[in-house]
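In: Kindly generate the corresponding structure for this input.
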Amino acid sequence: MPAFAPKLVRWQRRHGRHGLPWQGTRDPYRIWLAEVMLQQTQVAAVIPYYERFLTRFPDVGALAEASEDEVLQLWSGLGYYARGRNLHAAARRVASRGGFPDSMEGLSALPGVGRSTAAAIAAFAFGRRAAILDGNVKRVLARCFGVEGDAQWPLAERLLPRRDIETYTQALMDLGATVCTRLNPGCSRCPVAKDCVALREDRVAELPSRRQRKALPLKRANWIVLLHQGSVHLQRRPSPGIWGGLWSFPEGPARDVQSFCKREFSCLVATPRRMPVIEHGFTHYRLNVLPIRCQVRKFLAEPHGVWLELEEAARAAVPAPVRTLLAGLLLDQAA
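Out: Got it, this is the predicted structure:
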């Protein structure tokens, strides 16, 4: 399909997405920040986080000088928290070398930057001819050419135009996100519909091939929600791991909670009260959390660990389910 790239370029200029906050710049910091945030996250969800990050960290030096806790606090709610930790680590590496690398090899070496992300940064920031292959682009190539799997990378390389690489790269992203969608694709609006293998062979619903999904395993946890005079006890989760580096409630048993609190936190608590179960989905498993509310009656020793006022805790670097639970505690406190 020799006209594939020119058709996409013309289409993008007339019908593609324009005016996104990270467009219209060659600043590698802004482009890198956006591309990392856009990994596995939709544009609408990313925009407010992107703008808050730029307000707080206007350049890579400011981001590098921040603490990981500051970074994760701003990232909280965007999900896939390893991206936030990698973002901070990459910022420090870039700042130490005096700027962003301008090659695919150098960009790919940064924490959290894979081949496709590096290609997007290289194209938008430095005008490099580099092929992207995110989930949307994989779907476009699978349908247009009937090609899947490892064969898509050499195809993506062959399709690269000699010029207009930035517009072409954006066109691929826009086509997959707004026209060649997973469900109900807008084939009548597609600039390459006449040459599309899937449309011609009536296989649009079949391509790309869907992997058989296995039932996600269920894991359970109990959160000890320890409260004292408007403050709550939080612990930092180990990194790496789920919610690594974020603050959360300590975990404990569902039974004999009073003995657990006396042993672990040197305090006596009133009768524990079970709160509604929180369900949260991850990529590889589902998590059911039972929060157990424990009101401290007396400390047997000087309180240790991190105790925060509820309002301060709700603003800290906490996972979304923790923030939701803290918001409910604040409402109870105000009632």
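In: Please report how far Tyr81 lies from Ser96.
Out: Distance, Tyr81 to Ser96, using C-beta to C-beta, to the nearest Å: 23 Å. From N, CA and C alone the C-beta is placed, and that goes for glycine too.
In: How about Pro291?
Out: 42 Å.
In: again with Pro191
Out: Counting by C-beta to C-beta - Pro191 and Ser96 are separated by 44 Å.
In: next one: Ala118
Out: 19 Å.
In: who's more crowded, Pro191 and Ser96?
Out: Pro191 (20 against 8; other C-beta atoms under 10 Å).
In: any idea how far that one lies from Trp75?
Out: Counting by C-beta to C-beta, the gap from Pro191 to Trp75 is 36 Å.
In: Then Ala171?
Out: 29 Å.
In: Repeat that for Leu183.
Out: Leu183 is 29 Å from Trp75, by C-beta to C-beta.
In: Check Ala198 too.
Out: 37 Å.
In: and what of Gln295?
Out: For Gln295, the distance to Trp75 - C-beta to C-beta - is 31 Å.
In: and those two? which has more neighbours close in?
Out: Counting neighbours by other C-beta under 10 Å for Gln295 and for Trp75 shows that Trp75 has the greater number, 24 against 15.
In: The stretch 151-300 of the chain: helices as residue ranges?
Out: Counting by DSSP state H, counting those that start in this stretch, the stretch 151-300 of the chain has helices at residues 152-158, 165-174, 197-200, 257-265.
In: what's the second one packed up against?
Out: What it means is helix 165-174. Where contact means 3 or more C-beta pairs under 8 Å, 6 or more residues apart in numbering; DSSP states H and E, helix 165-174 is packed against helix 4-15, helix 115-126, helix 135-145.
In: and the angle for the longest strand seen in the chain with helix 257-265?
Out: Taking DSSP state E as the criterion, the chain has its longest strand at strand 286-299. For strand 286-299 against helix 257-265, the angle by axes from the mean of the first three to the mean of the last three C-alpha atoms, to 10 degrees is 80 degrees.
In: Mind giving me the packing neighbours of strand 286-299?
Out: Checked by 3+ C-beta pairs under 8 Å, 6+ apart, strand 286-299 has strand 218-228, helix 257-265, strand 267-269, strand 273-274, strand 278-281 packed alongside it.
In: In CSV, list these along with mean pLDDT, distance to Phe126 and mean neighbour count.
Out: Compiled in CSV, these are given as follows (pLDDT from 0 to 100; distance: least, C-beta to C-beta, whole Å; neighbours: other C-beta atoms under 10 Å):
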stretch, mean pLDDT, distance to Phe126, mean neighbour count
strand 218-228, 97, 43, 18
helix 257-265, 97, 53, 17
strand 267-269, 98, 57, 19
strand 273-274, 97, 56, 12
strand 278-281, 94, 38, 13
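In: To Pro319, which of these lies closest?
Out: Closest to Pro319 of these is strand 278-281 (C-beta to C-beta; 8.1 Å).
In: Mind listing residues that contact that closest one?
Out: Contacts to strand 278-281, defined as C-beta atoms under 8 Å, 6 or more residues apart in numbering, come from residues 216, 286-289, 291, 320-321, 324-325.
In: where's Val204 relative to Gly186, distance?
Out: 11 Å.
In: Mind checking which of those two has more residues around it?
Out: Val204 (16 against 12).
In: Report the backbone C-alpha coordinates of whichever strand or helix holds Glu312 in PDB.
Out: Assessed by DSSP states H and E, Glu312 sits inside helix 310-315. C-alpha atoms of helix 310-315 as PDB (Å, rounded to 0.1, in the frame of the first residue of the first chain):
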ATOM      1  CA  LEU A 310      -7.400  12.800  57.600                       C
ATOM      2  CA  GLU A 311      -7.300  15.800  55.300                       C
ATOM      3  CA  GLU A 312      -3.500  15.600  54.900                       C
ATOM      4  CA  ALA A 313      -3.700  11.800  54.400                       C
ATOM      5  CA  ALA A 314      -6.200  12.300  51.600                       C
ATOM      6  CA  ARG A 315      -3.800  14.600  49.800                       C
END
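In: Contacts for it, please.
Out: So helix 310-315 is in contact with 73, 230-232, 234, 247, 323, 326-327, 329-330, 333, going by C-beta under 8 Å, 6+ apart.
In: Mind checking which of those are in strands?
Out: Using DSSP E, the contacts of helix 310-315 in strands are 231-232, 234, 247.
In: so which of those is the most crowded?
Out: Looking at the ones in strands among the contacts of helix 310-315 with neighbours defined as other C-beta under 10 Å, the largest count falls to Leu234 at 24 neighbours.
In: Apart from its neighbours in sequence, what residue is nearest that residue?
Out: Once flanking residues are discounted, Leu234 sits nearest to Trp247: 4.3 Å by C-beta to C-beta, 6 or more residues apart in numbering.
In: Cheers, nothing more for now.
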